[in-house]
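*Asks:* heads up, no residue letters with this:
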């Protein structure tokens, strides 16, 4: 006699990708939040027909990636306006623009009006702005995989971007190769929950006595780095990484999902056709392409790891400037290409969240940070040429 499947034994065995949600033929699975807002699949036993498809489709528990890097690049979009709106070099925006120009559809992460991140599809250049820029929050896939399949089956060209586990979840859900699908995964550190970020927004609104109308995790007007900005009551406010409880704990790796600390995709074997990220440390790895007659790293530079023949053929066709690099050079500044993030003081932060809210996390941060909160501001004042010199040393 078949039993209702057990989707995971421990939280570290579930990445919340939603593949099981999308594959269930009876809609017996829903995603429920835990005490910290992380989503996990729950089976309605009254609807479940015990077919077992949800267990078979779990890519995270059955990870078996064989891809290895074919080519690696430093890259920037030739469209400067487009690159300016992006977190790094504008590579994804260039790819997405090409798909949209040719009548295709692009899937990626976007905020809604309540500051929750969902995966959505866009088909116009005007809509593309919703997908641009980093979002340091787990995107809720919802029923996007089914939507991707419908587009593919109708013959449309599809570009899908997400975290490695989301890309792997999509591939497992589809169960076959599609020539009209290109997948992109990001160099992912780990993901906080939507509730964490929404509570952080409330802390900002209380602090600045107004409604947050815009939030940017990576504001390049401050410089290429992990400093953001927000708009409250029409006024732009800089959000310095070393002075923000959310950005600081994100960069430390203390507020991710449990499974992020044992991520099977934090290595050179990536599930997507192309891996994108920031080329951190490029001033040390490729000083020859920077400087007076080279690229301006303050505008952001992307790293590109090509993992499939399809990815290699595609990347050559976009409106990009590509410079050859190596996986080792890229991974030198992107630790998550070598190993998963470490927990650090996660237990302490999570214990606060399980019993309270981000307000108390913020209080903990302000009590402990001290003068360190001024670190990112001081770094922003150092001239770019001087920074490059220090880093090269």
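*Replies:* Arrived safely, thanks for sending. Predicted, not measured: the structure shown is a model, and the values here were computed from it.
*Asks:* Give me the spatial nearest neighbour of residue 264, chain neighbours excluded.
*Replies:* residue 63 (3.9 Å; CB to CB, 6 or more residues apart in numbering). Using the backbone N, CA and C atoms, a C-beta is placed for each residue, glycine as well.
*Asks:* tell me which element the one you found is part of?
*Replies:* Per DSSP states H and E: residue 63 is located in neither a helix nor a strand.
*Asks:* please renumber so the chain begins at 302
*Replies:* Sounds good: first residue 302 from here, last item residue 364.
*Asks:* Isn't it up against residue 566?
*Replies:* Yes - shown here, residue 364 and residue 566 form a contact pair, counting by CB atoms under 8 Å, at 7.0 Å.
*Asks:* So if I had to pick from these two, which one is more boxed in?
*Replies:* For the pair residue 364 and residue 566, the greater number of neighbours falls to residue 566 (24 against 17), based on other CB atoms under 10 Å.
*Asks:* In contact with that one, which residues are there?
*Replies:* By CB atoms under 8 Å, 6 or more residues apart in numbering, the contact set of residue 566 is 364, 366, 465, 466, 469, 486, 489, 572.
*Asks:* The last one: neighbouring residues, count only.
*Replies:* In other words, residue 572. Neighbours of residue 572 using other CB under 10 Å come to 28.
*Asks:* Quick check: it touching residue 485?
*Replies:* No - taking CB under 8 Å as the definition, residue 572 is not a contact partner of residue 485, at 10.4 Å.
*Asks:* overlap in contacts of those two?
*Replies:* residue 468.
*Asks:* Report the separation between the residue nearest to residue 565 and residue 454.
*Replies:* To residue 454, residue 364 is 26 Å away according to CB to CB, to the nearest Å.
*Asks:* returning to that earlier point: looking at the contacts of residue 566, which are in strands?
*Replies:* For these, membership in strands holds for residue 486, with DSSP state E as the criterion.
*Asks:* Looking at the contacts of residue 566, which is nearest residue 626?
*Replies:* For the contacts of residue 566, the minimum distance to residue 626 (CB to CB) is 17.8 Å, reached by residue 486.
*Asks:* contacting residues for the closest residue to that closest one other than its chain neighbours?
*Replies:* Excluding the flanking residues, the one nearest residue 486 by CB to CB, 6+ apart is residue 573, at 3.7 Å. For residue 573, the contact set (CB under 8 Å, 6+ apart) comprises 465, 468, 484, 485, 486, 608, 612.
*Asks:* so where's the longest helix in this protein?
*Replies:* helix 495-509 (DSSP state H).
*Asks:* In terms of secondary structure, what does whichever helix or strand comes after that helix contact?
*Replies:* Once the chain leaves helix 495-509, the next helix or strand it forms, by DSSP H and E, is strand 513-517. Judged by 3 or more CB pairs under 8 Å, 6 or more residues apart in numbering; DSSP states H and E, strand 513-517 is in contact with helix 495-509, strand 529-533.
*Asks:* Using TSV, please lay out the ones you listed together with mean pLDDT.
*Replies:* Shown next, in TSV, are the helices and strands packed on strand 513-517 (pLDDT from 0 to 100):
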stretch	mean pLDDT
helix 495-509	98
strand 529-533	96
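*Asks:* show me where the stretch 502-651 of the chain has strands.
*Replies:* 513-517, 529-533, 536-540, 575-579, 603-607, 621-626 (DSSP state E, counting those that start in this stretch).
*Asks:* nearest to residue 681, of those?
*Replies:* strand 536-540 (8.9 Å).
*Asks:* Which elements pack onto that closest one?
*Replies:* Looks like strand 536-540 contacts strand 529-533 (3+ CB pairs under 8 Å, 6+ apart).
*Asks:* returning to what we had before: just the contacts of residue 566: which has the poorest pLDDT?
*Replies:* Of all the contacts of residue 566, the one the model is least sure of by pLDDT is residue 366, with 71.
*Asks:* ok, now which ones touch it?
*Replies:* Neighbours of residue 366 in contact, by CB under 8 Å, 6+ apart: 469, 565, 566, 570, 571, 572.
*Asks:* picking that back up, what does the longest helix of the chain rub up against?
*Replies:* So helix 495-509 is contacted by 334, 337-338, 415-418, 437-439, 441, 512-513, 516, 531, 533-534, 538, 546-547, 556, 654, 658-660, 663 (CB under 8 Å, 6+ apart).
*Asks:* Got a ChimeraX select line for the buried ones in those?
*Replies:* Burial among the contacts of helix 495-509 is assessed by 16 or more other CB atoms under 10 Å; the matching ChimeraX selection reads:
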select :337,338,416,417,418,437,438,439,441,513,516,531,533,538,546,547,556,654,659,663
